[in-house]
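Enquirer: for reference, the sequence and a predicted model appear below.
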Amino acid sequence: MVKILTEFKEMLISIASDLKELKETVRISTILNKEVLDVNEAAVLTGYKVSYLHKLSSVGTDLPIYSSSGNGKLYFKRLELLEWMTKHKRNNFNDFQNQVDDYFSKKGKKVA
């Protein structure tokens, strides 16, 4: 009887864990399909803390933020937020090598 109860408890724990993962998947899927996000959803999408998004909104960054008058809540357009997140591309090694090659080709020198 104890063995059956132990197995049942383990099954319930496993089911609860699976349900928690499923709820998180549904939540993220909902966020990815919404056009306008609140600050909590924007935090999930960006991976930033809500407090950091509030800080960015108060220091005059280029973060695309909207606010409805009166309630002080922050809103974000999902596509604009994604564009903002990917606005500054970092060069990889190939990009750097191409810049070096371009520089030396303009100078009339060849790179080995």
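Expert: Sure, I can see it. Numbers count the residues shown, from 1 in each chain.
Enquirer: use CA for all of it now, contacts and neighbours both
Expert: Fine.
Enquirer: packing partners of the host helix or strand of I13?
Expert: I13 belongs to helix 2-33 when elements are defined using DSSP states H and E. If contacts are counted by 3 or more C-alpha pairs under 8 Å, 6 or more residues apart in numbering; DSSP states H and E, helix 2-33 sits against helix 39-46.
Enquirer: for the helix it packs on, which outside residues touch it?
Expert: 28, 31-32, 49-50, 53, 73-76, 78, 81, 85 (C-alpha atoms under 8 Å, 6 or more residues apart in numbering).
Enquirer: now the helix or strand following that helix, how far from the centre of its chain.
Expert: Scanning forward in sequence from helix 39-46 by DSSP H and E, the next helix or strand is helix 50-58. Helix 50-58 sits 15 Å away from the centroid of its parent chain (C-alpha atoms, centre = their mean, to the nearest Å).
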